[in-house]
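>>> No letters, just coordinates:
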């Protein structure tokens, strides 16, 4: 059984399943669920799209980093990060100290299928005709940072509950491994 006194931070590209998996994972673990994107919107008083339009990408990321800093210093919860927030070194360093990080790794076809259905992704606005190309560029840039996560779980085109089960199994294995290292 999972024993956790840290934040469980879900990282991955937009469309990887952080919010849907996170909500169900939080229920299963009896922890609060926090959506990093919603927290950025609350802090700014604007939608993510409007934050990006009004302030530009640098200030968007700076605001996201401030929100993630606050959240990663909070109480245990399941936290779905904003898609690119784990790229920031400060966020990764805080996560290493205060969180168990889980990369929900999705392949390009799955990301394309999931993001094509949603029109509220600020960093994909205007990319409808070249969605695959845009996501490929995010994969190239961001996957090396996500690879620093404690745990990697491949997301698939499956029921969310199946992914949640695999996440819980991966957490249990990780904690057993940590426990055995601590005994040495």
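Perfect, thanks for sending it. Predicted, not measured: the structure shown is a model, and the values here were computed from it. Residues are numbered from 1 along each chain as shown.
>>> Tell me the first helix or strand C-terminal of the helix or strand bottoming out on mean pLDDT in the chain.
In the chain, no helix or strand scores lower on mean pLDDT, DSSP states H and E than helix 108-116, which sits at a mean of 81. Of the helices and strands lying after helix 108-116 in sequence (DSSP states H and E), the nearest is helix 131-146.
>>> average pLDDT for the longest strand belonging to the chain?
Secondary structure assigned by DSSP state E gives strand 99-105 as the longest strand of the chain. Here strand 99-105 scores 97 as its mean pLDDT.
>>> ok, back up a step: helices and strands around the least confident helix or strand of the chain, which ones?
Here helix 108-116 touches helix 131-146, going by 3 or more Cβ pairs under 8 Å, 6 or more residues apart in numbering; DSSP states H and E. Glycine gets a C-beta too; all of them are placed from N, C-alpha and C.
>>> which secondary structure elements does the helix it packs on contact?
strand 99-105, helix 108-116.
>>> at 10 Å what do you get?
strand 7-11, helix 89-98, strand 99-105, helix 108-116 (3 or more Cβ pairs under 10 Å, 6 or more residues apart in numbering; DSSP states H and E).
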